[in-house]
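A.B. asks: Structure for this input, please:
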Amino acid sequence: MPVLVITGTGTEVGKTVTTAAIAAAAVAAGRSVAVLKPAQTGVLPGERGDADEVVRLAGPVTAVELARYPEPLAPATAARRAGLAPVRPDEVAEAAGKLAAEYDLVLVEGAGGLLVRFDDEGGTLADAARLMGAPVLVVASAGLGTLNMTELTARELRREGLDLTGLVIGSWPDSPDLAARCNLTDLPVVAGAALLGVIPSGAGAFTPDDFRAGAPSWLAPRLGGVWNASAFTSAQAP
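C.D. replies: Numbers count the residues shown, from 1 in each chain. Okay, the predicted model is just below:
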């Protein structure tokens, strides 16, 4: 799996922290890692973006950002309003391919959800993933409402002929409610894919050392960790 595309069921679901955890686990295993952020929005020149946050948390990781737009909008809208060139799926695929020739693992973190538009022609992260022939990891929220959004994302991935490699819950609360605990069982069913990790709430605020030490325990072996879905789900059973 030299390239892994990471998308979410929406915004603020924990994509960046999940990306950092996967990167940290890979680095700990001795792999070279690059993180590609096709379009960073809502960040001014000189400010830290998502890729920079991955480096801060994960350690010696190469970060590449293809475009940056100042307003916190969908990339196509942000590019149009800023009068800047949009990022196109073929550019994302080309950049990922070049990185894959140099690094053991390339993580491509999208903006928002799978079908957020990069350009006014309707190019999306799904189009880029198809051009790359790369599997897609979906980051979902824990609580009420996540089942619908996760199933819609999974259905679209399959409609596009893309490989859904699994799910990660991007922010697991300290005191999960009934919906969150039931969703541990229901999310893999509605998505038709395995739950491959649970990131603790607030992990992005951990010190880098604590984050790197903890990352493998949040991720299943398929993502380079030691987390066990069955044991975790059983322990959280309502």
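A.B. asks: Run through who's touching stretch 47-60.
C.D. replies: By CB atoms under 8 Å, 6 or more residues apart in numbering, the list of residues contacting stretch 47-60 from outside reads 15-17, 19-21, 23-24, 27, 33, 35-37, 40, 43, 61, 63-65, 68, 107, 109, 204, 206, 208, 211-212, 215. Where you see a C-beta, it was placed from the backbone N, CA and C, and this is true even at glycine.
A.B. asks: My error: substitute stretch 183-190 in the last question.
C.D. replies: With CB under 8 Å, 6+ apart, stretch 183-190 has contacts from 140, 142-143, 146-147, 150-151, 154, 167, 169, 194-195, 198, 229, 232-233, 236-237.
A.B. asks: what about burial for those residues, which qualify?
C.D. replies: Applying 16 or more other CB atoms under 10 Å to the contacts of stretch 183-190, the neighbour count classes 140, 142-143, 146-147, 150-151, 154, 167, 169, 195, 198, 229, 232-233, 236 as buried.
A.B. asks: and the closest residue to Asp174 other than its chain neighbours, what is it in contact with?
C.D. replies: Take Asp174 and drop its neighbours on the chain: the residue closest to it by CB to CB, 6 or more residues apart in numbering is Ser201, 6.0 Å away. For Ser201, the contacting residues are 171-174, taking CB under 8 Å, 6+ apart as the criterion.
A.B. asks: what mean pLDDT does stretch 82-97 have?
C.D. replies: Confidence for stretch 82-97, expressed as mean pLDDT, is 97.
A.B. asks: Kindly confirm my reading that Val138 is in a strand.
C.D. replies: Yes - Val138 sits within a strand when classified using DSSP: H, G, I helix; E, B strand; the rest coil.
A.B. asks: What residues does it make contact with?
C.D. replies: Contacts here follow CB under 8 Å, 6+ apart; on that basis Val138 touches 7-9, 114, 150, 153-154, 157, 164, 166-168, 191, 193.
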